[in-house]
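In: Dropping the sequence and predicted coords here.
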Amino acid sequence: MSLLSVENLTIGYGAQTVLQSVNLSIEPGEIVTIVGPNGSGKTSLLRAIIGAVRPTSGRVTHQDGLRIGYVPQKLHVDPTLPMTVDRFLRLPGGHSRADCAAALHKAGVPDLRTRQMSGLSGGQFQRVMLARALMTMPQILLLDEATQGLDQPGSAAFYRQIEDVRRDTGCAVLMISHELHVVMSASDRVICLNGHVCCEGTPEIVSSAPEYRALFGTGTGGALALYRHDHNHTHDDGCGHDHSHDHHHHDHKPTEAAE
Amino acid sequence: MILDDFMVRATLAGVGVACAAAPLGSFVVWRRMAYFGDATSHAAILGVALALALNLSVFAGALAIALIMALTVTALSGRGYAMDTVLGVLAHSALAFGLVAVSFLSGVRIDLMAYLFGDILAVSKTDLAVIWGGAALVVACIGMRWSALLMSTLNEDLAYSAGIDPKREQLILTVALAVTVAVAIKVVGVLLIAAMLIVPAAAARPLARTPEGMALIAAALGALAAVVGLRAAYVFDTPAGPSIVCVAAVIFIGTSLFGRRLAIR
């Protein structure tokens, strides 16, 4: 049985529909990545899965007793809130200090236990968030742009950590990422989202799909092949990626309006 | 009996309010809801006016209006207004409506100052029971929901993913706040309860390393302010409620200047 399944999910805020008839299911142990332009409903989909957004129609089904580890897109710990890493990990409760130490070790930051949350660097913070998500021994990790704000080596190291965690614990991973080169090399399955599921499948299938090319590949032609295979070109990647993004925005707006 | 001494009753009342205000005040500070104290307490003036007009007890009137205020704030905060805007609108309009309502009560002479600044020295044994009962209720309620409230304060989505409904937690917090204001109105008065919520919590911040620590230290500092403030009021013949807040403010200045050095590890 799937860990979780989303059936015919439609989400709207007021008059605006952000997601239309989305279907997906996650199997144990697989890494699935959601890609899509800004405003394509990626975060709304993840928030619907954790129950933070009530769908307009359709439904989200979890396997009985499913343990979810969730890393939100942004988390700002206000400096007025005193919070040690240790205390943060033990929220909402029931975990021992030994569990915390183990989770921090798994996340690659064993020495941060007594530090204040508001004093952590961006990279340390994301690792602590990962450790937190691992506290419940999750069957699935949900990551919403978990490497936002990290530099390239930092985010590469973060994704390696995710792979290690998957290997060691066998948990599934459903993540949103803008870093296409990572997506294409690290995912079992890619879902391309733009208000609806444009296309999905293995990275190879998705990267050659015309829908995906319409979103990310216009003008750059072989750029996708480059994401997956040509690791020498990582510097150009960032640049090409940004540009295609912008292009997409202008290109695609009329289509969205037409829908 | 020891409770026959009005200074003992006043001190116990002040300590009771400090205990209830400390954990709530911490959340008010963390959630940047500092104006909530003002808004709810301004609304309570309207409650006092209505209570006098309808011949209800002041406590019941203040409680009812404060609860309505709490529900209104919770309902409005999700509708695209920033929290400070909602609270600003409600605080000022509640105060205005309250003062207008008071002016209609021509037959009744109200000493509005007594309700604004409270009269902690006139606390009766029954008042004391209400204060400690209300404080115990608030502390028990916040204590039971502590983790869930803390999760909701940190991040709403993180709370949802842990199976906590942050909207419900916000409602619980605002209701607890309303109860506290209604209880405290008699003791430190409407204007000063807001200070008792925020000042001890703010004073506790530099000393604390965990949220629990901050709430406990805030309670201790609040109680200290109540005891010292009342003593000072007795010695210098100053108004009791404001004296308590003055002491709390002095403590705040002290911990902000020297707190990092005193921080409890």
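Out: Right, received. Where do you want to start?

In: Show me what from chain A comes close to chain B.
Out: Residues of chain A that fall close to chain B, judged by Cβ under 8 Å from any Cβ of the partner chain: A:47, A:50-52, A:68, A:70, A:72, A:75, A:77-78, A:80-84, A:87-88, A:91-93, A:116, A:142. (C-beta placed from N, C-alpha, C; glycine too.)

In: just the buried members of the residues you listed?
Out: The neighbour count (16 or more other Cβ atoms under 10 Å in any protein chain shown) marks A:47, A:50-52, A:68, A:70, A:72, A:75, A:77, A:81-84, A:87-88, A:91-92, A:116, A:142 as buried among these.

In: Looking at those, which are in strands?
Out: Those of those mapping onto strands are A:68, A:70, A:142, per DSSP state E.

In: right, and the last one touches A:Val71 too?
Out: Yes. Counting by Cβ atoms under 8 Å, A:Leu142 sits close enough to A:Val71 to count as a contact (6.9 Å).

In: which neighbours do those two share?
Out: Applying Cβ atoms under 8 Å, 6 or more residues apart in numbering or on different chains, one finds that A:Leu142 and A:Val71 are jointly contacted by A:Ala133.

In: residue ranges of the helices in chain B, please?
Out: B:6-30, B:34-54, B:58-77, B:83-104, B:112-117, B:125-144, B:146-154, B:156-161, B:166-184, B:190-204, B:211-236, B:240-262 (DSSP state H).

In: ah, wrong one, I meant the stretch 1-150 of chain A
Out: Using DSSP state H, counting those that start in this stretch, the helices assigned to the stretch 1-150 of chain A run over residues A:42-50, A:85-89, A:97-106, A:122-134.

In: Tabulate these (JSON lines), appending mean pLDDT.
Out: Below are those laid out as JSON lines (pLDDT from 0 to 100):
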{"stretch": "helix A:42-50", "mean pLDDT": "90"}
{"stretch": "helix A:85-89", "mean pLDDT": "90"}
{"stretch": "helix A:97-106", "mean pLDDT": "86"}
{"stretch": "helix A:122-134", "mean pLDDT": "87"}
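
In: Quick one: closest of those helices to B:Ser93.
Out: helix A:42-50 (33.9 Å; Cβ to Cβ).

In: Quick one: list the elements packing against that closest one.
Out: Using 3 or more Cβ pairs under 8 Å, 6 or more residues apart in numbering or on different chains; DSSP states H and E, the elements in contact with helix A:42-50 are strand A:4-13, strand A:16-26, strand A:31-35, strand A:68-71, strand A:140-144, strand A:172-176, helix B:156-161.

In: what about 7 Å?
Out: Secondary-structure packing of helix A:42-50 (3 or more Cβ pairs under 7 Å, 6 or more residues apart in numbering or on different chains; DSSP states H and E): strand A:4-13, strand A:16-26, strand A:140-144, strand A:172-176, helix B:156-161.

In: Where does the prediction get shaky in chain A?
Out: Of all residues in chain A, those with pLDDT under 70 make up the ranges A:93, A:217-259.

In: gap between the closest residue to B:Leu63 other than its chain neighbours and chain A?
Out: Once flanking residues are discounted, B:Leu63 sits nearest to B:Ala182: 3.8 Å by Cβ to Cβ, 6 or more residues apart in numbering or on different chains. B:Ala182 sits at a distance of 26 Å from chain A (criterion: Cβ to the nearest Cβ, to the nearest Å).

In: And B:Ala248, by the same measure?
Out: 17 Å.

In: Likewise for B:Arg209?
Out: Applying Cβ to the nearest Cβ to B:Arg209 and chain A gives a distance of 5 Å.

In: Quick check: phi and psi on that residue?
Out: The phi and psi values for B:Arg209, taken as degrees, to the nearest 10, are phi -110, psi -20.

In: residues near it, how many?
Out: Counted by other Cβ atoms under 10 Å in any protein chain shown, the residues lying close to B:Arg209 total 17.

In: do the one 5 residues further on as well
Out: With neighbours defined by other Cβ under 10 Å, the count for B:Met214 comes to 28.

In: Verify the stated contact: it with B:Pro206.
Out: No. Contact between B:Met214 and B:Pro206 fails when scored by Cβ atoms under 7 Å: they sit 9.7 Å apart.

In: Need the residues touching each of these two.
Out: Common neighbours of B:Met214 and B:Pro206 (criterion: Cβ atoms under 7 Å, 6 or more residues apart in numbering or on different chains): none identified.

In: where's the residue nearest to B:Leu63 relative to B:Val130, distance?
Out: As judged by Cβ to Cβ, to the nearest Å, B:Ala182 and B:Val130 stand 9 Å apart.

In: List the contacts of A:Gln20.
Out: By Cβ under 7 Å, 6+ apart, the residues touching A:Gln20 are A:10, A:195-196.

In: how does it look with 10 Å?
Out: A:8-12, A:41, A:56-58, A:195-197, A:259 (Cβ atoms under 10 Å, 6 or more residues apart in numbering or on different chains).

In: Repeat that for A:Ile176.
Out: Residues in contact with A:Ile176, defined by Cβ under 10 Å, 6+ apart, are A:33-36, A:40, A:42-43, A:45-46, A:73, A:142-146, A:148, A:183, A:191, A:193.

In: check contacts around residue 66.
Out: You didn't pick a chain, so chain A it is. A:3-4, A:26, A:138-140 are the contacts of A:Leu66 under Cβ under 10 Å, 6+ apart.

In: sorry, should have said chain B
Out: Neighbour list for B:Ala66: B:39-44, B:46-47, B:94, B:174-175, B:177-183, B:185 [criterion: Cβ under 10 Å, 6+ apart].

In: helices and strands of chain B: which one has the lowest mean pLDDT?
Out: helix B:112-117 (a mean of 64; mean pLDDT, DSSP states H and E).

In: Give me the nearest residue to residue 83, chain neighbours excluded.
Out: You didn't say which chain, so I picked chain A. The shortest distance from A:Met83 to any non-neighbouring residue, by Cβ to Cβ, 6+ apart, is to A:Met117 (4.4 Å).

In: Not quite, go with chain B.
Out: Nearest to B:Met83 is B:Ser77, by Cβ to Cβ, 6+ apart, at 5.6 Å.

In: Test my guess that that neighbour contacts B:Val89.
Out: No. Applying Cβ atoms under 10 Å, one finds B:Ser77 not in contact with B:Val89, separated by 11.5 Å.

In: Compare the two (neighbour count), which wins?
Out: A count of neighbours by other Cβ under 10 Å puts B:Ser77 above the other of B:Ser77 and B:Val89, at 18 against 14.
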